[in-house]
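Asker: Give me the fold of what follows.
(2 chains)
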2 protein chains.
Amino acid sequence: MELTKLLRPRSIAVIGATDKPGFGLSTCSNLLKTKIKEHVYFVHPKREEVLGKECYKSIGEIPEKIDMCVLIVNKKVVPSALEEAAEYGCKAAVVYASGYGETGDKESEGQLRELCRKLDMAVMGVNCAGFINNLDEIFAFGMLVPGEARKGNVAIISQSGKICLNMMQITYMNFSYLISSGNSTCIRIEDYLEFLIKDEDTKVIGLYMEGIKDPVKFKEVLKQAALARKPVVILKVGKTSKGSALAASHTGSLAGSDKAFDAIVKKFGVIRVDDIEELVQMCHMLSVLPMIPENTGLSAMCLSGGETGVCADTGTLLGLEYPEFAPETMEKLRELLPDYATPANPLDMSATLAHDGEKYAAVIQAIMEDPSIGMVLCGQTILPEHGPKDVIQPMSDGMVIAAGKKKKPVAVMSFFNSSRDKMVREKLEAAGVPILPATGCGFKLLKYLMDFVKYKPEEHILDLAILENQKKEKVRTALSEHDSKCELAAAGVPVPPEAIVSSKEELRDFAPGISYPAVAKIASPDILHKSDVGGVKLNLQDAGELETAYQEIMESVKEKCPDARIDGVLVQSMLPQGVEMIIGVNADPQFGPMILCGLGGVFVEVFKDVSLYPAPLNEQEARSMIESLKGYKLLNGYRGSKKCDVDALAKFIVKISEYAVAQKESLKELDINPLFVYPEGEGVALADALVIKEQ
Amino acid sequence: MELTKLLRPRSIAVIGATDKPGFGLSTCSNLLKTKIKEHVYFVHPKREEVLGKECYKSIGEIPEKIDMCVLIVNKKVVPSALEEAAEYGCKAAVVYASGYGETGDKESEGQLRELCRKLDMAVMGVNCAGFINNLDEIFAFGMLVPGEARKGNVAIISQSGKICLNMMQITYMNFSYLISSGNSTCIRIEDYLEFLIKDEDTKVIGLYMEGIKDPVKFKEVLKQAALARKPVVILKVGKTSKGSALAASHTGSLAGSDKAFDAIVKKFGVIRVDDIEELVQMCHMLSVLPMIPENTGLSAMCLSGGETGVCADTGTLLGLEYPEFAPETMEKLRELLPDYATPANPLDMSATLAHDGEKYAAVIQAIMEDPSIGMVLCGQTILPEHGPKDVIQPMSDGMVIAAGKKKKPVAVMSFFNSSRDKMVREKLEAAGVPILPATGCGFKLLKYLMDFVKYKPEEHILDLAILENQKKEKVRTALSEHDSKCELAAAGVPVPPEAIVSSKEELRDFAPGISYPAVAKIASPDILHKSDVGGVKLNLQDAGELETAYQEIMESVKEKCPDARIDGVLVQSMLPQGVEMIIGVNADPQFGPMILCGLGGVFVEVFKDVSLYPAPLNEQEARSMIESLKGYKLLNGYRGSKKCDVDALAKFIVKISEYAVAQKESLKELDINPLFVYPEGEGVALADALVIKEQ
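Answerer: Below you'll find the model as predicted:
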């Protein structure tokens, strides 16, 4: 969808312009402050002027062609107003009106969507608060905004207007765009994302969402962002059942399974945050930093042992890495630091250095030159006001000097939140040094950053196997174990050979194809307790024993269950015991097949220790799934046992993914439990499988 | 130790008073602002006056008896200055001087400690920054403080002077005392804690520490705090090896095992926080709230679905409970809320109510009256400045009205951090409504609060089995399995009977005492592979079979290993299989025996799923240990299996605790692996044990 006329209009009409307090007055006041105010026109059938500006009776009377109109009109009037605007060539609109899907009236919302499509208009809303474009100084927003455009490189898209307004209230945050998407009736979050990924003035995109409506478009734009390495920071509610119930009642979106969403975030390298403060601060940090760290090694340098200890604990517990300094770095630090300081990472550099900006800069630079360090944190709380003699002055001078070398990113780690001295903030941020929030949140942001640093788009298949047809009437069918295996085998998944034979001839044809010892079991839908009727023979050593077993089973069963339907005898190899894994597929209604893997037994059932990842996936992605299991140790040579064949396991998972993608329109669930994993070089063997289809 | 003369002196001498910038000048300036400034005397041998105030040549010349002196003198002069002060009856001192244990000079520090003891003086420091007592307006602090005493009910003790200073810089925090304890050479953190627990003006104690020096005193004061229900909030660094290495280099304290510290915190109901921001904010919340919630049920009410979703997700993921509202509450809410709002907890109350303070108060009150709700959160971000027409005005009016009923605590949940409107903050906090930090930190604080609400001191043995003698030369001895079991049995721990018999007569005496089937094994320090020499007989059904087995084992071993030393034959019951647990004891050098329990196998080895708790413990504490295991499900009727005898398991753990306490001076480690736990009513059975002594 083309959004330029909407977000970068050269002429704007306000339909229903008014000076009555509310969205109308605020919009009119805001638009009078925009750069193109000569091309802003007010329209109202009954008014001569609003806020001292002439009012036109209708859009048709305006002497200029209008790119975009803002509708300050009642829900009932929206369709005719859009039609009229379209008639005069207007291609975009903002609609504030509410009372659609969010309060239950899905019908009106559907009709409106259809109308926009018909008119070929890009419509923001309904139930939205408009947008701010600071680049062109356009404030088409329903709540009063400060006149001055704080131009920046962060773009925000928010389903909630309240959160959008909150963002604007943070005085040190500078934006390119702030978009309140509302119900996304016509233009969806996915469309705004696409626009912003391409927008060269936008460096970071922050997104508050409750759900998405067009998963195909969503994956396309996430792929563009991943390839462009443009960070997308998402706050999505609905992690818990309480949260997703709210999301569902608040918007019309299908929340989708939150775990599936989490897996998709990993595939596309999106940064998913947990609350509004993290969203704000993550966008801000990425906005200020002049570059992303080259590697994930972190260094922290503080003025006191207490603060250094807090950095060490908080960072390490979150999984951040403080690499040991190289010998050359240690040497340099020993020269720079007072005698009683012990060079180490994190570094307690002692308070004396805080008074000497040059020396402080030299310490930062010495650390920057260490090849294992990707980023330097300077520990110091910036207070609301700092006098000219405060230590923060030489310290921040030092940071500015060091950051000026543009070698590696530098940030300030603060120990408690407060408002920050404006002068110090501006000086640091101009040099590319962001001030992070207090440690709990601050280190979490750094973990997000380092995960983003680790992410390599080329290691992932940037695609999803989204269903083409959403089925209305669903019929579920569970295949038998044998049929499930046959289906998998036919799809190229390695399945140990097995067959149901119903004659000695068939048995003789099949017997050479399996490895011994073998098992034979009666195959009959009418016999549940196979052993009780002599229907099972284990540990058969060769084709001869197998044939005898076949004979005995058939005779025993005929005698004991004369009326049972007999499909034949199931013949298969007896698999040697290995490490038991569970491999599964679950079809997510929005995102298609999700592949699951976990170790069997208590690992899955008590600890829920499973990895979930969207199909299609490659061997590297499969390997990451396996390695992310807490129980991975058991596969990697646990207590002196042999290492397992993780290569074969990863390849097997890829085969399952291929099968799931090929069958996506009908496969509802697959459960392989167990898959035996053998020592390195000895492969894996599927022991049992259950396929559930839905058509 | 008596701290009144130190912390609440009626006369003060500054020894080494000076107007040279630094600790000296700051202290003199600060003390001139104190309430008792007529009783503040400056002493300097070479000065006539400092800051316009007369200087005495020595403490002896001062016309009044001095309660406390502040030493602004070099390390070398400290001992003679203290001696002189003591001579004139001074009983307390603050010593700023550094260069002691923290830089390696433990000898001087030891000598100084001895001197203080001899002089019977209460000395704060060394290497400290002094203290602030806002109640009496005494500012004996080495860094410049604002003249006005912000009297409050929070007391802070901090080993780090920097952190102490930071606390003062938070303008909305009001303190009773702020104590920078430094090296705790003479007065220890434990002593200050005792003083503050007894201090009626102090409601909350915040503590930044790296370690403790006197565990006996520490447990005594924590017991006093627990019984008084006075909250103690502790930030202790050293959770990770990086952090504890720093703590060890920064102070002389023995950091102790962090996990043991965590367990002690649970026993005494201490609130342990993770960083400085949490320490500040937790103290602040407890300071402002007029009461602790009666129960742990939480309610949140926000103006938008987005914010409600964030509250639902963040709270639930941290383990907080949003109970469903009672039908009467739902009824009241339906009447109060607009038609389109759906009453639920957390509550999206829609923005319209924000304009009506009375109605907003009515909603809070309706929720307060719900018996399952312990506390009400009002979601709204307070900004730096709010105009008189802002919705926060009616909203905060509503909160003030509702909080005024003093029924249940009310707090504001903010969605991002910023400075907060001073007027709004003061109005709310005067009414007992704290403004919490943004959700990530804010909900963590609520989790700490609810854990404090759940804690009941009467359910715990408020004691520790701290070692009386720290051994210097340590010799370790591991007992054999049989000896380990005998020692446990002798201490009253239930151990299935077993014996080493070396004659048929001994066997006949013992045989009736065990249950069958039984096992017989050769007992010899020289035979490792017992089965290979016919030394093991399993599944013996009665005394007769046992005797035959004895005979055969003795004969076979004599034939095959004629030179082996033979202790006899070990005879024991064959235990039926049960759920395998590991029960252990580990002697913590500071806190004495710590009891450990966990499920066997991968639970302990891969997932580290163990509970640790200090001895002595009672059955309730043992049960909490068991229930806190992730694998507890396996004991509680997992997948249709029978529930395990958790009662017997808890009783067994109590017996182990009793044994560990009785043997604390010599027991280093105990490992019971496995203990079989049987279905309800069928008890537990110890299968193997290893005792390691250290003497």
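
Asker: doesn't A:Leu599 make contact with A:Asn673?
Answerer: No - counting by C-beta atoms under 8 Å, A:Asn673 stays clear of A:Leu599, with 10.9 Å between them. Where C-beta positions appear, they are placed from N, C-alpha and C, glycine not excepted.

Asker: what is in contact with those two at once?
Answerer: Residues touching both A:Asn673 and A:Leu599 (C-beta atoms under 8 Å, 6 or more residues apart in numbering or on different chains): A:580, A:582.

Asker: Name the residue in those two with the higher neighbour count.
Answerer: It is A:Leu599, of A:Asn673 and A:Leu599, that has more neighbours when counted by other C-beta atoms under 10 Å in any protein chain shown, with 26 against 18.

Asker: right, and that one touches A:Asp609 too?
Answerer: Yes - if you go by C-beta under 8 Å, A:Leu599 and A:Asp609 touch, sitting 6.7 Å apart.

Asker: Is A:Pro616 in contact with A:Ile466, as I believe?
Answerer: No - using C-beta under 8 Å, A:Pro616 makes no contact with A:Ile466, being 11.2 Å away.

Asker: who's more crowded, those two?
Answerer: A count of neighbours by other C-beta under 10 Å puts A:Pro616 above the other of A:Pro616 and A:Ile466, at 22 against 18.

Asker: Which residue comes closest to the closest residue to chain B within the stretch 451-600 of chain A once chain neighbours are left out?
Answerer: Across the stretch 451-600 of chain A, the shortest distance to chain B (C-beta to the nearest C-beta) belongs to A:Leu599, at 8.7 Å. Distances taken as C-beta to C-beta, 6 or more residues apart in numbering or on different chains place A:Gly631 nearest to A:Leu599, at 4.2 Å, with adjacent residues excluded.

Asker: show me what contacts the nearest residue to A:Tyr177 once chain neighbours are set aside?
Answerer: Nearest residue to A:Tyr177 in three dimensions, chain neighbours excluded: A:Ala155, at 4.4 Å (C-beta to C-beta, 6+ apart). Contact analysis of A:Ala155 by C-beta under 8 Å, 6+ apart lists A:175-179, A:196, A:199, A:202, A:204-206.

Asker: Which of these lies at the shortest distance from chain B?
Answerer: Chain B has its nearest neighbour among the contacts of A:Ala155 in A:Gly206, at 12.2 Å by C-beta to the nearest C-beta.

Asker: I'd assumed the closest one was in a strand, is it?
Answerer: Yes - A:Gly206 sits within a strand when classified using DSSP: H, G, I helix; E, B strand; the rest coil.

Asker: Which stretches in the stretch 451-600 of chain A count as strands?
Answerer: Ranges of strands in the stretch 451-600 of chain A, per DSSP state E, counting those that start in this stretch, are A:476-478, A:498-501, A:518-523, A:536-540, A:568-573, A:579-588, A:592-599.

Asker: sec struct for the residue lying closest to A:Asn183 once chain neighbours are set aside, please.
Answerer: Nearest residue to A:Asn183 in three dimensions, chain neighbours excluded: A:Asn127, at 4.6 Å (C-beta to C-beta, 6+ apart). Using three-state DSSP, the three-state assignment for A:Asn127 comes out as coil.

Asker: Surely A:Asn127 is in contact with A:Gly182?
Answerer: Yes - checked against C-beta under 8 Å, the pair A:Asn127 and A:Gly182 is within contact range at 4.3 Å.

Asker: related to what we said a few turns ago, out of the strands of the stretch 451-600 of chain A, nearest to B:Glu682?
Answerer: strand A:579-588 (29.4 Å; C-beta to C-beta).

Asker: Show me which residues of the stretch 101-250 of chain A are close to chain B?
Answerer: A:103, A:158-163, A:166, A:169-171, A:208, A:210, A:235, A:237-243, A:245-247, A:249-250 (C-beta under 8 Å from any C-beta of the partner chain).

Asker: how does it look with 7 Å?
Answerer: A:103, A:159-160, A:162-163, A:166, A:169-170, A:208, A:210, A:237-240, A:242-243, A:246-247, A:249-250 (C-beta under 7 Å from any C-beta of the partner chain).

Asker: residue nearest the centroid of chain A?
Answerer: A:Val265 (2.2 Å; C-alpha atoms, centre = their mean).

Asker: For that one, what is the enclosing helix or strand?
Answerer: If you go by DSSP states H and E, A:Val265 is part of helix A:258-268.

Asker: Show me what that helix is packed against.
Answerer: Helix A:258-268 sits against helix A:215-228, strand A:610-614, with contacts defined as 3 or more C-beta pairs under 7 Å, 6 or more residues apart in numbering or on different chains; DSSP states H and E.

Asker: redo that, cut-off 8 Å
Answerer: Packing partners of helix A:258-268 (3 or more C-beta pairs under 8 Å, 6 or more residues apart in numbering or on different chains; DSSP states H and E): helix A:215-228, strand A:232-236, strand A:271-273, strand A:610-614.

Asker: Of all the residues in it, which ones are buried?
Answerer: A:258, A:260-261, A:263-268 (16 or more other C-beta atoms under 10 Å in any protein chain shown).

Asker: tell me the angle of that helix relative to strand A:592-599?
Answerer: Comparing the axes of helix A:258-268 and strand A:592-599 via axes from the mean of the first three to the mean of the last three C-alpha atoms, to 10 degrees yields an angle of 90 degrees.

Asker: for helix A:258-268, what is the average pLDDT?
Answerer: For helix A:258-268, mean pLDDT is 92.

Asker: mind checking how far it is from the chain centre?
Answerer: 5 Å (C-alpha atoms, centre = their mean, to the nearest Å).

Asker: Contacts for that helix, please.
Answerer: Residues contacting helix A:258-268 (C-beta under 8 Å, 6+ apart): A:219, A:222-223, A:225-226, A:234, A:236, A:238-239, A:244, A:270-272, A:460-462, A:464, A:588, A:590-591, A:594, A:612-614, A:617, A:621.
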